[in-house]
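Novice: got a sequence here, can you model it:
(2 chains)
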Number of protein chains: 2
Amino acid sequence: MNILWLVAHPDARSMTRSLADEGAAHLTELGHDVHMRDLYALNWDPIVAATDFGHDPEERLFVARAAKEAIDAGRLSADIKAEQELVLAADVLVVHFPLWWFGMPAILKGWFDRVFLHGFGFGIKDPETGTTLRYGDGNLHGKRGMVVTSVGAREASFGPRGIHGELEQVLFPIQHGIFHYTGMEALPPLVVYGADRSTEAEYALAAARLKERLSVLGELEPVPFRTQDGGDYDADLVLHPHIAPGATGLAAHVADTCVRT
Amino acid sequence: MNILWLVAHPDARSMTRSLADEGAAHLTELGHDVHMRDLYALNWDPIVAATDFGHDPEERLFVARAAKEAIDAGRLSADIKAEQELVLAADVLVVHFPLWWFGMPAILKGWFDRVFLHGFGFGIKDPETGTTLRYGDGNLHGKRGMVVTSVGAREASFGPRGIHGELEQVLFPIQHGIFHYTGMEALPPLVVYGADRSTEAEYALAAARLKERLSVLGELEPVPFRTQDGGDYDADLVLHPHIAPGATGLAAHVADTCVRT
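Specialist: Numbering: from 1, shown residues only, chains lettered A, B, ... in the order given. I've put the predicted structure just below:
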């Protein structure tokens, strides 16, 4: 397989970067091709700007529209185009970062802002039906996405009733909003807890868990998010009343959800 | 009141920026002081780096620790320190952005990454008990936070059973993870739907809704998130079994949550 691995940490000696290196080496040993994108080392520019689209600065910028026009006209900024080509060539996208304020570091968020544009990450229409393809279908259908993240907090506090919010739901904007939205299968995230205080033994355990996970990257069961066009949603993209009746919130969009009583 | 308004959009003629200007003018008319921080106009640097902390590049960088040391030693980067002083002087923080990939644009996410550091936004201890103050208490206790955001999708698709996820839960990382975490009261978000297609009449309606909201900024009821030290959580920061029994996921952390049957 071809694995595109995005990693974002300001220090090359960090646990995050060390795990990325070990993970990549392991995948290579298994015979896979790994493209490591270390966004700090690349000095990645995370800020969406009119210049990305060769857009006339005298004209008002509608970001989605300008992006689509730039893609169609072949005048998208070269750095963005290069990343899009890496994505298209990949079978798996690994998104690896320390959780900062319950989300991606800015340099990584801005990779998605700039690369997953209208006409690439969203706004793809089925040529026959005119339906906008998303949530289970889209430009990246057939690929898989996996988050690898580290958090300072302990595991219980990110559990189903932990104060930080259930981790799978805190990551919903990435798992469902980016992976599933663009057509990718969202794999369960790999999380390293208590990362600020980790000992060498804990690091070794995290590395072992990561390698174990990477060994089954192609076979892992994805999160069973409901698909837009699978019959669960109505024309307004709202769950039909008979689907998970009474359930609301993020968990309702996972097909094996059960109503809690 | 003193209102710090963060806004992030690449075009000064955008709906986002126009609404910010109208909102600020309205607050000024009402007698409030507004500090507008237009992150694109400021050319804000969103990337956490060792240089923020005067950190020796030969030494491994532990971000939280280096930030705390830099604050204590008075060697934090001047641009960060200036923003922290604006936050401390503010009564209300307005965070205004187009929703990109279900979160903040990178330039804005990186404002929180760089400004809300260990020793400022988190890791604040009660000097008497040694408890870490968060979720209802902390350095920013007594302030209020409000999200103003625009999305391309229609309202139903962000409703309780809408495909994009219930908007209040999609914004949980900001509402609960940033505002409530740092001790601020999280106000209900103001959301403009269908923003990509909005007509002049729809813009006028959005501006009117915004002004109406801003007129009651001091009196609005915040989201009743449970507080860390209010008795609902155990020592592992997990909800006690008798609190919202059986409830899991993000909604369990809102005090008026009910178990759905």
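Novice: quick one: buried residues of stretch A:188-208?
Specialist: For stretch A:188-208, burial by neighbour count (16 or more other Cβ atoms under 10 Å in any protein chain shown) applies to A:189-193, A:195-196, A:198, A:203, A:206-207. Heads up, the C-betas are built off the backbone N, CA and C, glycines and all.
Novice: among these, name the ones in strands.
Specialist: Within the buried residues of stretch A:188-208, membership in strands is found for A:190-192, as judged by DSSP state E.
Novice: please enumerate the helices of chain A.
Specialist: The residue ranges that make up the helices of chain A, judged by DSSP state H, are A:15-29, A:63-73, A:78-89, A:106-115, A:167-170, A:172-174, A:200-215.
Novice: on that earlier part again, let's have the buried residues of stretch A:188-208 in a markdown table, adding pLDDT and distance to chain B.
Specialist: Putting the buried residues of stretch A:188-208 into a markdown table (pLDDT from 0 to 100; distance: Cβ to the nearest Cβ, whole Å) gives the following:
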| residue | pLDDT | distance to chain B |
| --- | --- | --- |
| A:P189 | 98 | 14 |
| A:L190 | 98 | 19 |
| A:V191 | 98 | 15 |
| A:V192 | 97 | 15 |
| A:Y193 | 96 | 12 |
| A:A195 | 90 | 10 |
| A:D196 | 79 | 6 |
| A:S198 | 83 | 11 |
| A:Y203 | 95 | 13 |
| A:A206 | 97 | 16 |
| A:A207 | 97 | 17 |
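Novice: rewinding a little: how about the helices of chain A, which one is nearest B:D21?
Specialist: Closest to B:D21 of the helices of chain A, according to Cβ to Cβ: helix A:63-73, at 19.0 Å.
Novice: quick check: residues of the stretch 1-150 of chain A near chain B?
Specialist: Proximity of the stretch 1-150 of chain A to chain B is assessed by Cβ under 8 Å from any Cβ of the partner chain, with A:10-11, A:13-14, A:40, A:46-50, A:60-64, A:98, A:100-107, A:109-110, A:112-113, A:116, A:121, A:135 identified as the residues in range.
Novice: out of these, which end up buried?
Specialist: The neighbour-count test (16+ other Cβ under 10 Å) marks A:10-11, A:14, A:40, A:46-50, A:61-64, A:98, A:100-107, A:109-110, A:112-113, A:116, A:121, A:135 as buried among these.
Novice: about what we covered before: so which of the helices of chain A comes closest to B:N139?
Specialist: Evaluated over these, closeness to B:N139 peaks at helix A:106-115, with 21.3 Å, by Cβ to Cβ.
Novice: gap between the closest one and the chain center?
Specialist: Taking Cα atoms, centre = their mean, to the nearest Å, one finds helix A:106-115 lying 11 Å from the centre of the chain it belongs to.
Novice: which other helices and strands contact that helix?
Specialist: helix A:78-89, helix B:106-115 (3 or more Cβ pairs under 8 Å, 6 or more residues apart in numbering or on different chains; DSSP states H and E).
Novice: most tightly packed of those?
Specialist: By mean neighbour count, with neighbours taken as mean count of other Cβ atoms under 10 Å in any protein chain shown, helix B:106-115 ranks first of the helices and strands packed on helix A:106-115 at a mean of 26.
Novice: ok and it relative to helix A:106-115, angle-wise?
Specialist: Relative orientation of helix B:106-115 versus helix A:106-115 (axes from the mean of the first three to the mean of the last three Cα atoms, to 10 degrees): 180 degrees.
Novice: right, I'll call it a day here.
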